[in-house]
Structure formats: C-alpha cells, structure tokens
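Colleague: Quick one, what's the 3D model for this:
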Amino acid sequence: MKLNAFARAALLITGCAVALPALAADKPVLEVWTMSLSPKFDGYFKDLVGKYNAQNPNVEIKWTDYPWDVIQSKFTAAVGAGKPPALVNLNVPWAYDYKQSGLLQPLDGVINKGQYVDGAIKDVTFDGKVYAFPHYNGANVIAYNAELFKKAGLNPAKPPKSLDEQLAYAKTIKAKTGVAGFAPALGPTKIEGFLIQNGLPLLKDGKPVFNSPAHVAMLKKLGDAYKSGALLKDNLFAQDNFQVSIAAYNGGRMAMLVTTPASLTRVRDEAPKLYQSTLVAPAPIGPTGIAAGGWMFNFGVARNVNKALLPEIGKFGNYLTNADNQLAFAKLAGTLPTARKAAQDPYFQKVANDAGAAEKAVGVAAASLDKTRTIYLAGVKDPDVLSARLAAAVEKAVTGRQDPKVALDEAAAFWSGKL
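Modeller: Model prediction:
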C-alpha cells in the first residue's frame, strides 16, 4: 500500500483531531467496516451485530461494507476528518503500512491475545506491539497425484517435506513419467515470499542482500530443475500462475499442486477420476519454520478514535473474532480461522476416513496455522516496481538467459537506486 498526499495530510490532521462518538439515544455508535464481504455475508454480520447489540444495550454497533479498492481511501479520509470507524478490516500489509504511517494504534491493552494462534498474532505484531484483531486466514497444502508417484517409484505415503525434497521428487517424476513435478510461484509479488520463506532475506539495514552466495545457489538449484523439465514451464514467471497450474494438474501434466484447500473442489469437479487418486499433505516448510500460503485479514483501530471508547471497541473486537464467530464464518466462507479453539474444532480436526482430498485438506491446513504467516515485501516505496525487477532477474537466471550472480547483482543495483 502506498499512502498518497491525502493520506499524508491525514497524518497532520490527526495530530490534533479528536474523534467524537456518534450518538444515538445517548449511547455511542461504533462503526465497523469490512472489506468486500457484502452481499454474501450480509446474513452473518447482521445476525452477529444484532445479537451483540441486544446483549449490550449501552452501545450500538453499526456494520458497513466497502469494496476492497475503496476501503483504504475511505479509511484515510475518515481518519483525516477525525471521524474514523471503531474497527476497520485490513490485510496484513495494509495494517503494517498504516502502522508505519501512524494511523493505527497498538491494542495490547484491549486484545485477548490468548484466543488466537501464534502465527496470527505474529502477523500483526510490529515493533513488539499488537496492532490488530486477527480474523480469517488461508494456508497452503500440497496436493499430489498418487498414481504418478507410484509410476515414478515414489512412495505416496511419504510426500515431500522440504523444497529440496520437492525438487528431487519433481526430477524423478519427470525422468520416470515425462510429467512435470510442480510449479513454484516465482513471479512478481510472489518471488519475495518464496525467498523469505526459504530463509533468504531481501533487505538488511535498508539495503538489498538478495545477491548473496546463498541466493545465487537457490537460483542455480531452480535452474537445474527447470532445465530438466521438472518445473512446469507454462506461465512459471507470471504474476499469477495458479490457473495454468491447476489446469495442468487436472490434465495430468503436473504431479504436485501447492494450493489452498478450497481450490481442490475444482479438481473434484473438473477431474473426478484424478481426484480419487489425489492425496494431500502440509505444504513444505522452509528453514524459517514458516508455512506458506497465509494471507490474513484483521481489524485495526485508528490512532484518533475516542480513547474513552477503547474498552468497548476492544470488547467488540474480541467478540467479532472469537472462536464461535470465527468458526461460523469459516464454515460459510471456506476460510481458516485464527482463533485457536475454532481451529481445533472437530469441523477441522475430525475428518472422515472416506472424505475426499478437499475435506482432508481443510484439516491439514488448519493444523499448520501456528506456523502460517503472511509474507510480503514491507517497509519500501514502490514495492511493485522492486518486485517486478527482482522477478525479471530470477526469470533470466532460472531459464539460463543470464548468469545468476550477474542477474541478481543488476537487480540489487536497481533496488539500491530506488531505495
């Protein structure tokens, strides 16, 4: 997220603004903004808010939903006018950027941290303080074609647990069956997460460090797999290669698919025979101990809300994101909860033995939530430009069009100039 001049002006305004609560029948009205959840979840939120209002007659909760591409400008304007909502729905990068800009406040005094999984709290902890109430999340699993594993001489009961194992399996599958192994996400906005999860940082003390020997070694490893055909080459370096990847998996042209549980319903519907031989396992964990695939949504509180309302805001924030409400939302949305008791509910943990891959994947993903993090390029200007330049260098190196060290050196020089 880039804050424009309007947002910067808001910072100046909020330095002296005092947000007053709206009043209805002499009680405060707390506005809660969500992002692109209407109309699908109208019933859910109206019921949740209605119950809360009935049980808490001293306050009134008002729910408003805005499209994802509107809510940021609305929030920035509201903060600048001194009339922010009580809670605003954000993703993790937006929460981080708003915190950096001084538009959010820490919530350690009002949040019930113990009700959330560790990964969720870590996602919204900046400089040692918690800045949001975690809500829903995602987590990847690895779906794989058991029949192709058998043809390649691999044991379907032993899926790959690391990137190195996944690359080794992919080479074996290609050599024995002629089918590509998998397609990592190496395109713009995705390459950062791939590198960070695998213990390869991008920045140190504000300077690019992705041209180190370890980074070069990673690209050579990927280049070797690419040359052998172990990686699916279709759209491999596109910003989003998922559609091509799932089509390749469903068509029997790729053996392993790293994806979210909900996506496996497409395998079930488009390739029913393949679905019967599809097994699922946790997505390979990087040396950082981070499980990939997280993209958590949360609720932040503006810096200039009326301080007298913070206890009520905290009470509703904890209620909105508690285990019961998150479990109900997850069932409706097909997402994963960040409330620990919800993730441990039998809905996720007790899957029937005859359940399909999509159902089993939900339980597998929920079990990894403590390790699941939202990985993104933080604390830089023009992140999309930097990401595109790094992705272009990775593509040249992996495809053999340029020496990996030279490609990364040139990208690092470009980053240095921009930073």
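
Colleague: Spell out, range by range, the strands that occur in the stretch 251-400 of the chain.
Modeller: Here the stretch 251-400 of the chain has its strands, by DSSP state E, counting those that start in this stretch, at 256-259, 278-282, 291-294, 297-300, 336-337, 372-374.

Colleague: Among those strands, which comes closest to Val216?
Modeller: strand 291-294 (22.0 Å; C-beta to C-beta). All C-beta spots, glycine's among them, are computed from the backbone N, C-alpha and C.

Colleague: If you count neighbours, what's buried in the closest one?
Modeller: With burial defined by 16 or more other C-beta atoms under 10 Å, the residues of strand 291-294 counted as buried are 291-294.

Colleague: now stretch 225-240
Modeller: 225-226, 229-232, 235-238.

Colleague: Stretch 102-118 now?
Modeller: Using 16+ other C-beta under 10 Å as the test for burial, stretch 102-118 gives 103-107, 110-111, 115-117.

Colleague: With just CA atoms, put the stretch of helix or strand Trp94 belongs to into PDB.
Modeller: Using DSSP states H and E, the element containing Trp94 is helix 92-100. Listed in PDB are the C-alpha atoms of helix 92-100, where the atom choice follows Å, rounded to 0.1, in the frame of the first residue of the first chain:
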ATOM      1  CA  VAL A  92      -1.500  -7.600   7.000                       C
ATOM      2  CA  PRO A  93       0.500  -5.400   4.500                       C
ATOM      3  CA  TRP A  94      -2.100  -2.600   4.800                       C
ATOM      4  CA  ALA A  95      -2.000  -2.800   8.600                       C
ATOM      5  CA  TYR A  96       1.800  -2.600   8.600                       C
ATOM      6  CA  ASP A  97       1.800   0.400   6.300                       C
ATOM      7  CA  TYR A  98      -0.900   2.200   8.300                       C
ATOM      8  CA  LYS A  99       1.000   1.500  11.500                       C
ATOM      9  CA  GLN A 100       4.200   2.900   9.900                       C
END
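
Colleague: Now the element after that helix, going C-ward?
Modeller: Defined by DSSP H and E, the subsequent element after helix 92-100 is helix 118-123.

Colleague: Name every strand pairing with the following helix or strand past that next one and say which way it goes.
Modeller: Next along the chain after helix 118-123, taking DSSP H and E as the criterion, comes strand 125-126. Paired neighbours of strand 125-126 in the sheet (DSSP bridges): strand 129-130 (antiparallel).

Colleague: ok so, going back, which helices and strands sit right next to the helix holding Trp94?
Modeller: Secondary-structure packing of helix 92-100 (3 or more C-beta pairs under 8 Å, 6 or more residues apart in numbering; DSSP states H and E): strand 125-126, strand 297-300.

Colleague: List the contacts of the last one.
Modeller: The contact list for strand 297-300, computed with C-beta atoms under 8 Å, 6 or more residues apart in numbering, reads 32, 35, 87-92, 95, 98, 104, 120, 123-124, 131-137, 317, 320-321.

Colleague: tell me which residues of stretch 337-347 are tucked away?
Modeller: For stretch 337-347, a neighbour-count test (16+ other C-beta under 10 Å) marks 337-340, 342-345, 347 as buried.

Colleague: so who does the most centrally placed residue in the chain touch?
Modeller: The geometric centre of the chain, computed from its C-alpha atoms, lies nearest to Trp295 (C-alpha atoms, centre = their mean), at 1.3 Å. Neighbour list for Trp295: 91-92, 137-138, 374 [criterion: C-beta under 8 Å, 6+ apart].

Colleague: top of those by neighbour count?
Modeller: Among those, Asn137 has the most neighbours (other C-beta atoms under 10 Å), with 29 neighbours.

Colleague: Look up how far Lys220 lies from it.
Modeller: Noted for Asn137: a distance of 34 Å to Lys220, by C-beta to C-beta, to the nearest Å.

Colleague: Please apply the same query to Asp42.
Modeller: In this view, Asp42 and Lys220 are 52 Å apart by C-beta to C-beta.

Colleague: Ala397 is in contact with Pro404, isn't it?
Modeller: Yes: with contact defined as C-beta atoms under 8 Å, Ala397 reaches Pro404; the gap is 3.9 Å.

Colleague: Which residues are in contact with each of these two?
Modeller: When contacts are counted by C-beta under 8 Å, 6+ apart, Ala397 and Pro404 have 219-220, 223 as shared neighbours.

Colleague: Thank you, goodbye.
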